[in-house]
Every structure is written in structure tokens, then in C-alpha cells.
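>>> dropping the sequence and predicted coords here.
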Amino acid sequence: MANDRLRALEDVEKEIAVILQCAGNVVLELSKEKPNASLLDRQLSQFTGAVNRVESELSSQIRYLTQVATGQPHEGSTYSARKDCQMALNRAEYARVKLGELGRTCEVLLDPQT
Amino acid sequence: MERRKIALWLPETHFLEMSTPRVLPQSKETLLQSYNKRLKDDIRSILDNFTEIIKTAKVEDETQVSRATQGEQDHYEMHVRAANIVRAGESLMKLVSDLKQFLILNDFPSVNEAISLRNQQLRTLQEECDKKLTSLRDEIAIDLYELEEEYYSSSYSQWDSADLSLCEAFHRRDSWASPGSSVGTACGSEDASGPVCQESGLGHLNGHSSNAADHP
């Protein structure tokens, strides 16, 4: 799907937030009197893992763009299909309005007292 | 001219690595190279500053200046390095946003796919709409035929010779098609001829009702 790459980039943004979070937690832990070694290890491994993932994902995206990008602007559009669909919906709306008028006229003729 | 010289100097290895010789416009290529550079610089900045903070956290026994001064200096250094890490993270976010924008504008395969999908959806919707309208038209034509027949065969109608009802139009059509047949002409005049008109007219109902309806 077209949105896979964009979704991957959104995940990269979350990973960057994780990097900063982990770095902050490590420094916070080190500032304590008795730092928890296991927590430090966990946060540190999470930090390095996130950094590696961010770097590999972004460089693969840039590599893909180097292969795919041209200098030309894209000239495709959905305008004609959108216009046709809009016209069809207008036709349906017009038919609905006319039928509504017809119905009201019939009601008026059938019940002249109301 | 100068930019081209710089481009020739710098990414020599980049050109050698690429198997298929693609000629990107200068601006796009320099843009992608700048993205690469930003990525590498930011990641390096984050890692270096982080390792330096960890190193600075180590308490030294022997210090060149007094402990308080050393402490103050370390405190300030850690502040600056932490700020550097945050700045690099912010710059990475900006890079991701720029990449997203570049993807949306220049990733032709996904743009083409998105356009064709949207076109398909819109065309399906339009065909469905038109199909429903056509079936509605056919149903209304049937009802209109019956209503006209009822109306023109009653005494309330003001029948104008130039103004043909549906069944009279069918009669005329039948008589043109087969001149030998002599079906009753005045469909709208008396009730007796009504059923005859109905029998002959109904055979051509769906195929020709639109034709009759188009002629006022």
C-alpha cells in the first residue's frame, strides 16, 4: 500500500522519542545513590537498539528515494473521476428532489383539506 | 557551475557504488545527500554526547581544581551535552518530516497506486449510482404508463390530437411497423378500447417506453 512507507516513518518518530526517553532514564538512574544495574542495562540496550533501528530505517528510506525520485512533478490526478462521480450524485439528488415534489403534489391533491 | 564542481568532488564513491547510472537533477541529488548527511550527523551527535555524559558522571579522586569547581564544570558540561542530545533528536524529527514530504511528492509508484485506487473507488460509486437511477427510471416508466392509460381513458382528460399518450404512441408505432394490422386507433377516447391498447402496448413496454417518454 502507498501508506506503508509513511507508517514506517511514523514508527521512526516514535523510536526517536524512545531514544530520548531511554537516555534520560539512564542519566536519572546514574544520579541516584545506588543505581539499579539491571534497569541501567535494560535502558541502555533499549537505547542502542532504538538508535540502530532509526539509523537503518532512515537510510533505507533515503536509498529508496534515491532510486525512485525523478526531478519531474507528478501530473496524475483524480479530477475526472471525481467530477463524474459528483455529476452522478447531483443527478441522484435532482431525482430525489423531483420525486419529493411529486409526492407532495400528490398528497396535496389527495387531501385538499389538510 | 560551482555547485556542479562540488558535486563532482564530493560523492565520488556514491557514483561508483550505483550500478544503474541514474541521472537525477542536481537539486534532487544534493537534497538526498543532505538528508544522508543530516542523518549521520544527528546520530553521531546523540551517541557522542551520551557517551561523554556517562564518562563525565564518573567521580574522579584527583582533580586539577577544587572539587566544587570540578563539580560545577561537570554540571554545566552535562547540561550542554543533554541540550545537544535534545537538539539532535529535534533535528531528526525534522528530517523525518522532510522525508515524509518528499515521499508524498516524489514517490511515483505509491502516488500512482493511490491515484488508481481512488479513481476505481469513484468510478464504482458513479456506476452504482447510475445503475440505481436507471432502475428507478424503468420502474417509474411502468407506473407512468399505467397512470397515463387511466387518465386518458377517463372523462377528465382534455385530449388534444397533437398530444399523444403513451399507448397512442405505441399504436402509431405498431401501425407504422405493420400497416396490415388494424388495431383500434383512438385509444384515449373510450373505455372499451383501453384493454386492447394495454395488450398491444405492454409488449413493447421496456424497450420503447423511453422513446415515447422523450417525445412530449
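Now that the structure is in, tell me what you want to look at.
>>> where in chain B is pLDDT low?
Confidence mapping of chain B against pLDDT under 70 gives the ranges B:1-25, B:157-174, B:177-216.
>>> cool, and chain A?
A:1-2, A:113-114.
>>> 80 instead?
A:1-2, A:71, A:112-114 (pLDDT under 80).
>>> quick one: is the helix or strand where residue A:23 lies near chain B?
Secondary structure from DSSP states H and E places residue A:23 in helix A:3-30. Yes: legend: contact between helix A:3-30 and chain B by CB under 8 Å from any CB of the partner chain is shown at A:3, A:5-6, A:9, A:12-13, A:16, A:19-20, A:23, A:26-27, A:30. All C-beta atoms are positioned from the backbone trio N, CA, C, and that covers glycine.
>>> just the strands in chain B please.
Using DSSP state E, no strands are found in chain B.
>>> redo the residues of helix A:3-30 next to chain B as JSON lines? Include neighbour count.
Formatted as JSON lines, the residues of helix A:3-30 next to chain B follow (neighbours: other CB atoms under 10 Å in any protein chain shown):
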{"residue": "A:3", "neighbour count": "10"}
{"residue": "A:5", "neighbour count": "19"}
{"residue": "A:6", "neighbour count": "15"}
{"residue": "A:9", "neighbour count": "18"}
{"residue": "A:12", "neighbour count": "23"}
{"residue": "A:13", "neighbour count": "15"}
{"residue": "A:16", "neighbour count": "24"}
{"residue": "A:19", "neighbour count": "25"}
{"residue": "A:20", "neighbour count": "19"}
{"residue": "A:23", "neighbour count": "25"}
{"residue": "A:26", "neighbour count": "23"}
{"residue": "A:27", "neighbour count": "18"}
{"residue": "A:30", "neighbour count": "13"}
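>>> closest one of the residues you listed to residue B:126?
residue A:3 (24.6 Å; CB to CB).
>>> from the chain's centroid, how far away is the helix or strand that the helix holding residue A:23 is followed by?
Remark: after helix A:3-30, the chain's next helix or strand is helix A:37-68, criterion DSSP H and E. On the basis of CA atoms, centre = their mean, to the nearest Å, helix A:37-68 sits 22 Å off its chain's mean C-alpha point.
>>> what's helix A:37-68 packed up against?
helix A:3-30, helix B:26-56, helix B:67-106 (3 or more CB pairs under 8 Å, 6 or more residues apart in numbering or on different chains; DSSP states H and E).
>>> run the angle between it and helix B:26-56 for me.
170 degrees (axes from the mean of the first three to the mean of the last three CA atoms, to 10 degrees).
>>> enumerate the positions of helix A:37-68 that are buried.
Neighbour counts over helix A:37-68 (16 or more other CB atoms under 10 Å in any protein chain shown) mark A:43-44, A:46-47, A:50-51, A:54-55, A:57-58, A:61-62, A:65-66 as buried.
>>> and for stretch B:131-150?
For stretch B:131-150, by 16+ other CB under 10 Å, it's B:140, B:141, B:145, B:148, B:149.
>>> dump these into a markdown table; add distance to residue B:81 as well.
As requested, those are arranged in a markdown table below (distance: CB to CB, whole Å):
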| residue | distance to residue B:81 |
| --- | --- |
| B:140 | 79 |
| B:141 | 82 |
| B:145 | 88 |
| B:148 | 90 |
| B:149 | 93 |
